[in-house]
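In: next input, structure requested:
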Amino acid sequence: MNEGLIPKRYAKALFKVALERGDADALYATMDTLARSFAANPRLQETVANPFLADDKKTALLLTAAGNAGAAGRTYADFLKLLAENRRLPMARAAALAYLDIYRQANNIYPVKVVSAEPLDKEERARLESLIGKHLRGGTVEYDFSVDPSLIGGFTVSIGSERLDASVENELKQLRLRLLSKI
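Out: Just a heads-up that it's a prediction; the model follows:
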């Protein structure tokens, strides 16, 4: 069976349980913390997938990585128990990402990643947020601003599968391609 499908099924079931228990919002924050922990610590996935590490240790590690689950503690702990019983703890990250997607879709939330060559000041941020808000026509927007000096100047905006690249680096690439096509 497709390994990407299994975490989605677990996430879908978890979302239903969280809605029934009234924990969906708190569990969203928990899963976001867990996903960020995996992103910040690439070796976390290796550790959770280690067959020589006991499931109770993996579960404790995943509880810590999720910030001890806060208000969604019981639901998250039950979820980890289910993953452990079915030998699926290594899929915790994929299930967390799938849960985030399901929750965002159900609540009309758009994750927006903005990468700029330099930190944006308040006015630039406000203008960009206003333009993005008009483009999305409603819904909630979660912004992730970061800096990448290799862009030279400008910025990129990613919203789902859409991407706007207004960077100097991209302009230089396009110019190079036009010049090469004329040779």
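In: okay, CA-based contacts and neighbour counts for the rest of this
Out: OK.
In: this protein: helices as residue ranges?
Out: 5-21, 24-40, 43-49, 55-65, 73-85, 92-106, 122-136, 168-181 (DSSP state H).
In: give me the angle between the fifth one and helix 55-65.
Out: This points to helix 73-85. Put simply, helix 73-85 runs at 140 degrees to helix 55-65, going by axes from the mean of the first three to the mean of the last three Cα atoms, to 10 degrees.
In: ok, the residue lying closest to residue 133 once chain neighbours are set aside - contacts?
Out: In space, and not counting its chain neighbours, residue 133 is closest to residue 141: 7.7 Å by Cα to Cα, 6 or more residues apart in numbering. Shown in contact with residue 141 (Cα atoms under 8 Å, 6 or more residues apart in numbering): 109-112, 133.
In: now swap in residue 115 and tell me
Out: Residues near residue 115 by Cα under 8 Å, 6+ apart: 145-148, 155-157.
In: ok, how many other residues are close to residue 40?
Out: Residue 40: 10 surrounding residues under other Cα atoms under 10 Å.
In: mind pulling up the pLDDT for it?
Out: pLDDT recorded at residue 40 is 96.
In: what of residue 69?
Out: pLDDT for residue 69: 60.
In: and residue 74, by the same measure?
Out: Predicted confidence (pLDDT) for residue 74: 89.
In: what's the spacing between it and residue 29?
Out: 14 Å (Cα to Cα, to the nearest Å).
In: same check, this time on residue 105
Out: 15 Å.
In: those two: who's more crowded?
Out: Using other Cα under 10 Å as the criterion, residue 105 and residue 29 rank with residue 29 on top: 18 against 11.
In: got the phi/psi numbers for residue 22?
Out: Phi and psi for residue 22, reported as degrees, to the nearest 10, are phi 80, psi 20.
In: give the burial count for it, as a bare number.
Out: Close neighbours of residue 22, defined as other Cα under 10 Å, add up to 13.
In: dump the residue contacts of the nearest residue to residue 164 once chain neighbours are set aside.
Out: Take residue 164 and drop its neighbours on the chain: the residue closest to it by Cα to Cα, 6+ apart is residue 157, 5.1 Å away. By Cα under 8 Å, 6+ apart, the contact list for residue 157 reads 112-115, 163-165.
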